[in-house]
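Q: here are the coordinates; sequence isn't available:
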C-alpha cells in the first residue's frame, strides 16, 4: 500500500487553517467499518507523536484544533488555527496490513 | 511512566552486524506487540518489523527480510533487532515503538528516542 501526501511543504501564517491530504493506493476501510489510517507529527529533533488514529479519532492530549477525516482511500488532516508549536513533519501511516507504510511527510512551517 | 530506551547503535562497516536493544519500562511489556521503525538522515519514516506479544509471530519489510531478526525477552522487558549484512542504505535512526490496541483504539502510542546506526567504511 502506497500513501501519497500533499503538499510536501506547507507554509502557514499563525492563526490560519492548514490541511494535508493523504491518498492510498488501496482502501484502508476494514470490514469492521474502521479506517486504518493514523497521523503522526514529528517535531524537530523529536520522535514522532500520535495525533489521530482510525482516520478521525484524536489521541489523548491532542488539541482539538487537530481533526482527521476521510474514508477508504482519501484522508485529510486539518488544523483549524495553526500555532507556532505545530511546526514539524506530519506523516500519515496505514496499519491495515504489513508492511505498514508511511506517507512521504509534509513539512509545516510558519510564514 | 512508559519508557522505551534504545541502545546498541553505532558505526559498522558494510557487511557487518549489529544488535539493537530496546529496554521497556512502565508497562506490562508482555502484553504488547512491538515494532521497529527507521528514519534515514533527513528522510521519512519507514516501518521495518514487528513482533507479537509472545514472540511467536514476526513480520518484516522486504528491504530487511533475511538480514534482520526481531526478537524479545519478556522476562527482561527487552526488544531486540539483530541486523546482519548491513548496507549503506541501512544507515538510519532506529525507533522502538509500542503498538497499543484496545477495543476502541489501536496505535503507535509510544516511541523511543531512537538509536543511530551508521554503515560506512
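A: Nice, I can see it. Given the structure is predicted, the values throughout are model-derived calculations rather than measurements.

Q: what's the lowest-mean-pLDDT helix or strand in chain B in contact with?
A: Counting by mean pLDDT, DSSP states H and E, chain B has its least confident helix or strand at strand B:106-111, which shows a mean of 94. Outside of strand B:106-111, the residues within contact range by Cβ atoms under 8 Å, 6 or more residues apart in numbering or on different chains are A:38, A:40, A:47-50, A:53-54, A:59, A:93, A:95, B:2, B:4, B:35, B:37, B:95-100. Bear in mind the C-beta positions are built from the backbone N, C-alpha and C, glycine included.

Q: any idea how far residue B:109 is from the residue lying closest to residue B:52 once chain neighbours are set aside?
A: Spatial nearest neighbour of residue B:52, excluding adjacent residues (Cβ to Cβ, 6 or more residues apart in numbering or on different chains): residue B:33 at 5.2 Å. As for residue B:33, its distance to residue B:109 is 12 Å (criterion: Cβ to Cβ, to the nearest Å).

Q: let me see the contact set for residue A:18.
A: A:10, A:12, A:78, A:79, A:82, A:86, A:108.

Q: now, the contacts of strand B:106-111 that are in helices?
A: Using DSSP state H, no member of the contacts of strand B:106-111 sits in helices.

Q: put the buried members of these into a PyMOL selection.
A: Restricted to buried positions by 16 or more other Cβ atoms under 10 Å in any protein chain shown, the PyMOL selection for the contacts of strand B:106-111 reads:
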select buried, (chain A and resi 38+40+47+48+49+50+53+54+59+93+95) or (chain B and resi 4+35+37+95+96+97+98+99+100)
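
Q: which ones among the contacts of strand B:106-111 are found in strands?
A: A:38, A:40, A:49-50, A:53, A:93, B:4, B:35, B:37, B:95-100 (DSSP state E).

Q: of these, closest to residue B:116?
A: When the ones in strands among the contacts of strand B:106-111 are compared for distance to residue B:116 (Cβ to Cβ), residue B:95 wins out at 10.8 Å.

Q: next one: the closest one from chain A, what distance?
A: Separation of residue B:95 from chain A (Cβ to the nearest Cβ, to the nearest Å) stands at 6 Å.

Q: residues near the nearest residue to residue B:98 once chain neighbours are set aside, how many?
A: Leaving aside its chain neighbours, residue B:98 sits nearest to residue B:110 (4.4 Å; criterion: Cβ to Cβ, 6+ apart). Residue B:110: 21 surrounding residues under other Cβ atoms under 10 Å in any protein chain shown.

Q: which residue ranges of chain A form strands?
A: For chain A, strands defined by DSSP E occupy the ranges A:3-6, A:9-12, A:18-24, A:38-42, A:49-53, A:57-58, A:66-71, A:74-79, A:88-94, A:101-102, A:106-110.
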